[in-house]
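>>> I need the structure of the sequence given here:
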Amino acid sequence: MEADVHTLYESDFYRILDFKCRCKECGTSKPEYASAFTISFIRTGNFQFNVFRNSHDAHTSRILMNKPGYEHTVTHFHYSVPDECTIFEFKHPFFQLLKEDFKNQFFHNNDLHSLLLNANAELDLLHVTVLQKISLSGTSRLEIDSLVLDIVYQALRIIDNSITIPSIPVRLKKYHLPTVEKAKQYISTFFVDDISLNQIADHCNISVFHFSRLFKLFTGYSPYFYLLNVRLKNAEMLLRSTALPITDVCFSSGFNSIDHFSTAFKQKYHYPPSKIRLV
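From the prediction side, this is the model:
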């Protein structure tokens with residue numbers, strides 16, 4: 001496969017790779033061998049990941065989890081933009097520890113070589129945050145390592161509560177993958193602001209009605225619920241990693257009411273913000 005693959009960051013137990021496809025025409029790659037456990041965020045594009053009786057439809061709002069030791073091929077479509085991914089590649093000792101700690105079917109069923117997951121708002125924010133942190137000088141290795149581990153645990157949690165991923169018509173993917181990508185980027189950038197549905201739709205050059213329907217189809221979230229979960233995940237990270245007062249965490253995460261923040265936080269995490277530093 002023709003692609004540019006660059007290492008963005010490397011730690012003791014993983015490295016973060018930037019993958020950009022350079023294929024000029026649609027087609028299927030030669031068989032390739034997966035040598036490491038990976039979690040890949042599809043940033044742009046659409047491709048089929050073909051592995052042992054399965055063909056995964058990978059595009060924005062999807063995460064591809066792949067076990068080592070198996071062959072696969074990739075079919076690229078290039079509807080509008082090239083395929084780009086962020087790949088979290090984990091070293092073998094870490095993968096062995098995961099297999100020991102997590103007894104889910106994916107790790108222990110030899111017929112399951114890879115899984116396609118629906119990314120949730122929390123994982124999307126973690127992905128964006130990691131990319132921001134590794135581009136800044138002075139970010140501690142421990143902070144980045146902690147965020148990456150959170151990505152692993154969040155992804156494994158999705159497996160344990162997995163539901164059927166809906167099939168999206170080719171026509172919609174061809175014309176509207178960039179729409180959803182732009183919307184998610186906009187929300188990740190401006191979630192602290194009081195943004196409206198109309199602002200997001202205008203940014204994506206689409207009507208409010210069509211945008212709301214498309215966003216939920218691709219992500220599984222309404223735009224508001226996606227935004228709410230991004231804000232809650234940001235608040236949770238601030239509470240765990242800083243000593244900011246809860247009021248500051250509330251407003252720094254885009255909430256305009258302490259009562260609303262506390263209620264939403266407790267509904268999601270099952271305990272109030274004041275208890276999270278004790279958990």
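>>> Quick check: residue 23 is in a helix.
No: read with DSSP: H, G, I helix; E, B strand; the rest coil, residue 23 is coil and lies in no helix.
>>> How many residues are close by it?
17 (other Cβ atoms under 10 Å). Glycine gets a C-beta too; all of them are placed from N, C-alpha and C.
>>> For it, give its distance to residue 244.
The gap separating residue 23 from residue 244 is 46 Å, by Cβ to Cβ, to the nearest Å.
>>> Am I right that residue 103 is in a helix?
No: under three-state DSSP, residue 103 falls outside any helix and is assigned coil.
>>> Which element is encountered next along the chain beyond the host helix or strand of residue 234?
Remark: residue 234 resides in helix 223-241, with elements defined by DSSP states H and E. Sequence order places helix 246-252 as the next helix or strand after helix 223-241, per DSSP H and E.
>>> Who are the packing partners of that next one?
Helices and strands touching helix 246-252, by 3 or more Cβ pairs under 8 Å, 6 or more residues apart in numbering; DSSP states H and E, are helix 223-241, helix 258-269.
>>> Tell me which of the ones you listed sits most buried.
Mean neighbour count (mean count of other Cβ atoms under 10 Å) peaks for helix 223-241 among those, with a mean of 20.
>>> Contacts made by that helix with the rest, please.
The contact list for helix 223-241 (Cβ atoms under 8 Å, 6 or more residues apart in numbering) reads 120-122, 124-126, 129, 143, 146-147, 183-184, 187-188, 191, 195, 197, 200, 211-212, 215-216, 219, 221, 244, 246, 249-250, 252-255, 261, 264-265, 268-269, 273, 276-277.
>>> Which ones among these lie within helices?
When those are checked against helices (DSSP state H), the matches are 121-122, 124-126, 129, 143, 146-147, 183-184, 187-188, 197, 200, 211-212, 215-216, 219, 246, 249-250, 252, 261, 264-265, 268-269.
>>> quick one: low-confidence ranges for the stretch 51-200 of the chain?
78-80, 162-164 (pLDDT under 70).
>>> quick one: the helices in it?
In the stretch 51-200 of the chain, the segments counted as helices under DSSP state H, counting those that start in this stretch are 92-101, 105-108, 121-134, 141-160, 170-190, 197-203.
>>> Just the buried positions in the first one, please.
If I follow you right, that is helix 92-101. Residues of helix 92-101 classed as buried by neighbour count (16 or more other Cβ atoms under 10 Å): 94-95, 98.
>>> buried sites along stretch 145-165?
Residues 147-148, 150-152, 154-156, 158 are the ones in stretch 145-165 that count as buried (16+ other Cβ under 10 Å).
>>> related to what we said a few turns ago, in ChimeraX, how would I select the buried members of the contacts of helix 223-241?
A single ChimeraX command selects the buried members of the contacts of helix 223-241 (16+ other Cβ under 10 Å):
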select :120,121,122,124,125,126,129,147,183,184,187,188,191,195,197,200,211,212,215,219,221,246,249,250,253,254,255,261,264,265,269,273,276
